[in-house]
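Participant: Starting from these lines, generate the structure:
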Amino acid sequence: MVYEIADCSPRCADRCSKTQYKKPCLFFCQKCCAKCLCVPPGTYGNKEVCPCYNNWKTKRGGPKCP
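Facilitator: Residues are numbered from 1 along each chain as shown. Coordinates of the predicted model:
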């Protein structure tokens, strides 16, 4: 499931397609994808597929990536 930064936009569009908070979801998804080169499949969960995406935390310890 590793790909190039060019693949981030369509993957993040899918990932954020069902949230009511599209802009922040897309922003953080793109940021996480650029760093991790991975976006979990589906619109929610499945983060174990991308350990980097799953383990990147905010300053407060919450999940950074949607």
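
Participant: okay, CA-based contacts and neighbour counts for the rest of this
Facilitator: Noted.

Participant: What separation is there between Cys12 and Lys59?
Facilitator: Separation of Cys12 from Lys59 (Cα to Cα, to the nearest Å): 23 Å.

Participant: Those two: which has the busier surroundings?
Facilitator: The residue with more neighbours, out of Cys12 and Lys59 and counting by other Cα atoms under 10 Å, is Cys12; that gives 27 against 8.

Participant: Report the secondary structure state of Thr19.
Facilitator: Reduced to three states with DSSP: H, G, I helix; E, B strand; the rest coil, the structure at Thr19 is coil.

Participant: Look up the closest residue to it, ignoring the ones flanking it.
Facilitator: Spatially, and ignoring its direct neighbours in sequence, Thr19 is nearest to Cys25 (7.7 Å; Cα to Cα, 6 or more residues apart in numbering).

Participant: you'd agree the one you found is up against Cys16?
Facilitator: Yes: Cys25 lies in contact with Cys16 (Cα atoms under 8 Å); the separation is 5.9 Å.
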